[in-house]
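# structure here, sequence nowhere to be found:
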């Protein structure tokens, strides 16, 4: 899952490799391990113990699911980072599995792969920021003390000189009574704002409005020519600005335009960089003290206003081309009319590759296997496809099984697919996404992010009831998970979508908390975790039932009347209930 808030000899699994990738085979009654003191993951078992557990027999459906994860989460895949040769091997594996399952190719050139041109970009130098007050001499700002530049994925050289307007959080959200652009004209100007969103916003909308992409698009729509993020006095205490500056030239990735530049959210209002508290004080002068005091509140209310001066910014960005692929498999619909409509089942294939050692140089493990995030989601996708092709019953609507690249880079592969769909976009009626199901416990309920937003909700509720569990509300609304995985790229095209997770009843809460604290985006997300493969089969069953009902339903899914995202992205909308 994207963090919101980055040689085919593997079949000859050596003992050393298995020590990194093999898994215990507990029964459903095996308890979830308690976090070790200090919050670190438990030490891995001896390699011989792991190998013994690896060889333990399983029922065929569980063994099939495990086999996919053994391959995809092996050390040989080196964390399946988008743009790497190992990701390409993983993509070929998924394509082969789609072929074996009887899916037709739905990618480029009559094959299973959809080529995704990528570009890596980063700040090429420290840039220059100069503040010229309305009355006074130009004042150069100091890198790492006053500012950190931002790379511009759309342009090698960025030069902007314009007045600045402070716009609070930079949010325009009428339903929350918040318009930070009220009373100010930002056309031709740089806007400066704090990150995040007020706590009074609901979780999903808070994550959406607080994202840098949403803020930049809003600024661009208002006529701004650049955006600046202000360091909050609250974050300044937790993380020194100079420490953030050490990573100013960290590379980012997006999909590439034909000219080699990257697709960015708001090319007309690029992010220019971040100002520290010290830098903001130089621009705001005496007014900063009151603004900084307000910014300490979770529900700060700011008064937007122009600053008395001009900011001149020059930055350089370097680009490096890369390439990757989405994997697309198709089951054609059987109905002459409904068969033209398409239901997409998606999961991301990439993970975060090799990073710094988890516990410093002494530990040494820097390879992020990505077993639960998201090899097991891909395994579920493959096994779900097999259920359709072996059921003996075709689906009325066409099904696309989509394994995407670059989710960990910012939902890049799914964004590319929805902007370059392999079928007419208007024909896609729903997306059901599989990302990081935590299957280390016997789940007693399910959580389906987005279920309450469209007519997919009742379908999901019926499906989970059929496997003997109920549907629970989002247990972590503050995380804004609905906007953090690949299904949201379909939402942004107006397509109803949902994202499923095992719920947190019973042992679920502790198991999810343990994974998020100790294994999420860490090398310990490997097959030494106590994965319950029978729960994987249950998870696939629930997803199959959901997809089957959508594929065979008489009506296409629509957004519930007035839903924020359905309205924002102009999707098919259900009618409001008649007033009683």
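Looks like it arrived, so ask away. Because the structure is predicted, anything quoted here is derived from the model rather than measured.

# could you use CA atoms for every contact and neighbour count after this?
Noted.

# what ranges does the stretch 51-200 of the chain have for its helices?
60-72, 85-101 (DSSP state H, counting those that start in this stretch).

# for the stretch 451-580 of the chain, same thing?
Along the stretch 451-580 of the chain, counting by DSSP H, counting those that start in this stretch, helices occupy 456-466, 487-491, 508-518, 533-552, 564-568.

# figure out how far the second one is from the centre of its chain.
Translated: helix 487-491. Mean C-alpha position of helix 487-491 versus that of the full chain (C-alpha atoms, centre = their mean, to the nearest Å) differs by 10 Å.

# for that helix, packing partners?
If you count contacts as 3 or more C-alpha pairs under 8 Å, 6 or more residues apart in numbering; DSSP states H and E, helix 487-491 packs onto helix 412-419, strand 428-434, strand 497-502.

# kindly reformat these as TSV and extend each row with mean pLDDT and mean neighbour count.
What follows is the helices and strands packed on helix 487-491, written out as TSV (pLDDT from 0 to 100; neighbours: other C-alpha atoms under 10 Å):
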stretch	mean pLDDT	mean neighbour count
helix 412-419	98	23
strand 428-434	98	26
strand 497-502	95	24
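
# for residue 85, find the nearest of those.
helix 412-419 (16.4 Å; C-alpha to C-alpha).

# tilt between that closest one and strand 428-434?
In terms of direction (axes from the mean of the first three to the mean of the last three C-alpha atoms, to 10 degrees), helix 412-419 departs from strand 428-434 by 170 degrees.

# what does helix 412-419 rub up against?
Where contact means C-alpha atoms under 8 Å, 6 or more residues apart in numbering, the residues beyond helix 412-419 that reach it are 116, 254-255, 325-326, 404-407, 425, 486-487, 489-490, 493.

# now rank the residues you listed by neighbours and give me the top one.
Neighbour tally across the contacts of helix 412-419 (other C-alpha atoms under 10 Å): the maximum, 34 neighbours, falls on residue 405.

# tell me the pLDDT of it.
Confidence at residue 405, expressed as pLDDT, is 98.

# how close does the closest residue to it other than its chain neighbours sit to residue 427?
Among residues not flanking residue 405 along the chain, residue 413 sits closest, at 4.6 Å (C-alpha to C-alpha, 6 or more residues apart in numbering). Separation of residue 413 from residue 427 (C-alpha to C-alpha, to the nearest Å): 19 Å.

# repeat that for residue 152.
34 Å.

# neighbour count: these two, which is higher?
For residue 152 versus residue 427, neighbours defined as other C-alpha under 10 Å are more numerous around residue 152 (25 against 15).

# backbone phi and psi for the more buried one, please?
phi -110, psi 110 (degrees, to the nearest 10).

# that one is in contact with residue 273, isn't it?
No - counting by C-alpha atoms under 8 Å, residue 152 stays clear of residue 273, with 9.6 Å between them.

# mean confidence for the helix or strand containing residue 290?
Assigned by DSSP states H and E, residue 290 belongs to helix 288-294. Here helix 288-294 scores 94 as its mean pLDDT.

# now the angle from the helix or strand just after that helix to helix 85-101?
Counting by DSSP H and E, the element after helix 288-294 in chain order, helix or strand, is strand 305-331. Strand 305-331 runs at 40 degrees relative to helix 85-101, counting by the same axes, to 10 degrees.

# direction included, what does strand 305-331 pair up with?
Strand 305-331 has its sheet partners listed here by DSSP bridges as strand 104-105 (antiparallel), strand 113-123 (antiparallel), strand 128-133 (antiparallel), strand 157-166 (antiparallel), strand 398-404 (antiparallel).

# how far off centre is the longest one?
Just to be clear, that refers to strand 113-123. For strand 113-123, the distance to the chain centre is 16 Å (C-alpha atoms, centre = their mean).

# just stretch 331-348 next, same as before
That offset, for stretch 331-348, works out to 24 Å (C-alpha atoms, centre = their mean).

# do stretch 156-174 as well
On C-alpha atoms, centre = their mean, the centre of stretch 156-174 falls 25 Å from the chain's centre.

# what is the end-to-end distance of it?
From its first residue to its last, stretch 156-174 covers 36 Å (C-alpha to C-alpha).

# now swap in stretch 168-184 and tell me
Distance across stretch 168-184, first residue to last, is 12 Å (C-alpha to C-alpha).

# quickly list what residue 274 is bridged to.
Taking DSSP bridges, one obtains residue 148, residue 229 as the residues bridged to residue 274.

# so it touches residue 145, yeah?
No - using C-alpha under 8 Å, residue 274 is not in contact with residue 145; the gap is 10.7 Å.

# show me which of the two is the more surrounded one.
Using other C-alpha under 10 Å as the criterion, residue 274 and residue 145 rank with residue 274 on top: 24 against 16.

# ok, the more buried one - contacts?
Per C-alpha under 8 Å, 6+ apart, neighbours of residue 274: 147, 148, 149, 150, 228, 229, 230, 231.

# in CSV: those residues, plus neighbour count and distance to residue 478.
As requested, the contacts of residue 274 are exported to CSV (neighbours: other C-alpha atoms under 10 Å; distance: C-alpha to C-alpha, whole Å):
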residue, neighbour count, distance to residue 478
147, 29, 29
148, 28, 28
149, 27, 29
150, 24, 27
228, 25, 25
229, 22, 22
230, 21, 22
231, 23, 21
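
# no more questions from me, cheers.
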